[in-house]
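Participant: structural data only, the sequence is not supplied:
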Ligand SMILES: [Zn+2]
């Protein structure tokens, strides 16, 4: 009789646990450290069972959760079991997971004796050890893959030509004679660079196709240590005004970027002017106290051309806005004042914009770093990108790069233009 009552109480308990939505269960689980990923409704962070930095993703809205490379599912009980190291195929563990989801103990649960408890704890410890081992192996493999990619990117730059089409391309882009162009000695040309398309980096089985092969400008990405960790490619088409880059379309006719990056970009910079080479390292000139950085090579060189280039200044490009601005404080994202986008159910949702406040606890690998010792920084904004997102990102870059005490200014081109366009326009008008 007592057993029957307890059994029905437990059935009820399990049913109750099954009815708890993932969002409600979260507050009962050790997951308060998870961060909101911008615009996707996904919470990301370390897995309490497997570790890692952003291995665990929970999307309460779907609902779904995944611990990358190891486990995943659609219910709160499975999530609870995973993060607590419980095995749902064992009834004791399953009830523990239900208890965790509900935030209260299993009814009538006084039966576990010391030996059973020790056994359960040992199983949890063993499962945790196995998870950590597997996670460490995945990390090692990711590091090997990254090192190989960096080496391939370095090779691409090392084998490119010093004098090539990139000089003509830049002169046309900035609408000046080649001899007027600021000398950016680390830029090179790959005379025949293949544009691969269709390879999905996350899926090793996907096969890329060759869209075309033509000349490309090759620039190195350099880490603060001076090592080349990646390269930046810009395909050139001297016949195609005004950007002098090929128009590239995918199979559906959607435009593809004519610039690509290989190896590692984050934390690095594209050195343009004011650097020297020493024992295979590329280092900023320590006697130059001013630093000018833009997203793109062309924009940054446009300013170098317009102002000199100045002998007291290090000129570098970040490659993209994310690497210039750095990661944002995810909790302070804000909705775009007017822009909305349809979600998959056709409901219009606000477009989220990354905060102007930098994320706390950044590492040197998270974004471009100012060279040591610079006291005066000028950041170049792009006027042809969405203005709210760009303004927020530039404010973030300003705070981040000024944290060491340097004075930081942001230079904005007129709305709708970038600085390279401006040079071309100003000469047209004359
Ligand atoms: Zn995990």
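Facilitator: Okay, I see it. Everything numeric here is computed off the predicted structure, so don't read it as measured data.

Participant: what's the span of stretch 403-420 from first residue to last?
Facilitator: Start and end residues of stretch 403-420 are separated by 29 Å (CA to CA, to the nearest Å).

Participant: downstream of the longest strand seen in the chain, the next helix or strand is which one?
Facilitator: Across the chain, the longest stretch assigned as strand under DSSP state E is strand 209-222. Where DSSP states H and E defines the elements, the next helix or strand beyond strand 209-222 is strand 228-235.

Participant: and the longest strand of the chain, what other elements does it pack with?
Facilitator: If contacts are counted by 3 or more CB pairs under 8 Å, 6 or more residues apart in numbering; DSSP states H and E, strand 209-222 sits against helix 114-158, helix 165-173, strand 188-197, strand 228-235, strand 270-273. Heads up, the C-betas are built off the backbone N, CA and C, glycines and all.

Participant: how distant is it from the center of its chain?
Facilitator: Relative to its parent chain, strand 209-222 has a centroid offset of 21 Å by CA atoms, centre = their mean, to the nearest Å.

Participant: buried sites along it?
Facilitator: By 16 or more other CB atoms under 10 Å, the buried positions in strand 209-222 come out as 211, 214, 215, 216, 217, 218, 219, 220, 221, 222.

Participant: closest to the ion out of the helices and strands packed on strand 209-222?
Facilitator: Taking CB to the ion, helix 114-158 is the member of those nearest to the ion, at 6.0 Å.

Participant: what angle sits between that closest one and strand 209-222?
Facilitator: If you take axes from the mean of the first three to the mean of the last three CA atoms, to 10 degrees, helix 114-158 sits at 90 degrees to strand 209-222.

Participant: how many neighbours does the residue in the stretch 301-430 of the chain positioned nearest to the ion have?
Facilitator: Per CB to the ion, residue 330 is where the stretch 301-430 of the chain lies closest to the ion, at 20.6 Å. Using other CB atoms under 10 Å, residue 330 is surrounded by 17 other residues.

Participant: and residue 43, by the same measure?
Facilitator: Neighbours around residue 43, by other CB under 10 Å: 21.

Participant: what about the helix or strand containing it, average pLDDT?
Facilitator: Using DSSP H and E, residue 43 sits within strand 42-47. Across strand 42-47, pLDDT averages out at 87.

Participant: wait, does that strand make contact with the ion?
Facilitator: Yes: part of strand 42-47 sits near the ion under the criterion CB under 5 Å from the ion, namely residue 47.

Participant: ok, that strand: who's next to it in the sheet?
Facilitator: Sheet pairing of strand 42-47 (DSSP bridges) gives strand 35-37 (antiparallel), strand 51-59 (antiparallel).

Participant: pick out the shakiest of the ones you listed, pLDDT-wise.
Facilitator: Here the lowest mean pLDDT among these goes to strand 35-37, at a mean of 71.

Participant: would you confirm that residue 171 contacts residue 184?
Facilitator: No: Residue 171 is beyond contact range of residue 184, at 11.8 Å (criterion: CB atoms under 8 Å).

Participant: neighbour-wise, which of these two wins?
Facilitator: Using other CB under 10 Å as the criterion, residue 171 and residue 184 rank with residue 184 on top: 25 against 17.

Participant: grab the nearest non-local neighbour of the more buried one.
Facilitator: Leaving aside its sequence neighbours, residue 184 sits nearest to residue 272 (CB to CB, 6 or more residues apart in numbering; 4.5 Å).

Participant: and the one you found, what does it touch?
Facilitator: Going by CB atoms under 8 Å, 6 or more residues apart in numbering, residue 272 touches 182, 184, 186, 187, 297, 300, 301, 304, 315, 316, 317.

Participant: repeat for residue 285
Facilitator: Contacts of residue 285 by CB under 8 Å, 6+ apart are 274, 275, 276, 314.

Participant: go on, residue 327?
Facilitator: Contacts of residue 327 by CB under 8 Å, 6+ apart are 358, 359, 362, 366, 367.

Participant: can you rerun that using 7 Å?
Facilitator: Shown in contact with residue 327 (CB atoms under 7 Å, 6 or more residues apart in numbering): 359, 362, 366, 367.

Participant: closest to residue 258 out of the residues you listed?
Facilitator: Of all those, residue 258 sits closest to residue 367, with 23.8 Å by CB to CB.

Participant: might one say that that closest one is in contact with residue 323?
Facilitator: Yes: under the criterion of CB atoms under 7 Å, residue 367 makes contact with residue 323 at 5.5 Å.

Participant: overlap in contacts of the two?
Facilitator: By CB under 7 Å, 6+ apart, the residues touching both residue 367 and residue 323 are residue 266.

Participant: not counting the strand or helix carrying residue 335 itself, show me its contacts.
Facilitator: Under the criterion of DSSP H and E, residue 335 resides in strand 334-342. Outside strand 334-342, the residues that touch it by CB under 7 Å, 6+ apart are 348, 349, 350, 351, 352, 353, 355, 388.

Participant: among those, the buried ones, what's the PyMOL command?
Facilitator: This is the PyMOL syntax for the buried subset of these, where burial follows 16+ other CB under 10 Å:
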select buried, resi 351+352+353+355+388
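
Participant: picking that back up, so which of the contacts of residue 285 belong to strands?
Facilitator: Per DSSP E, the contacts of residue 285 map to strands at 275, 276, 314.

Participant: ok, residue 207 to residue 196 distance?
Facilitator: According to CB to CB, to the nearest Å, residue 207 stands 10 Å off from residue 196.

Participant: which one of those two has more residues nearby?
Facilitator: residue 196 (13 against 9).

Participant: list the contacts of that one.
Facilitator: Here residue 196 is in contact with 208, 210 (CB under 7 Å, 6+ apart).
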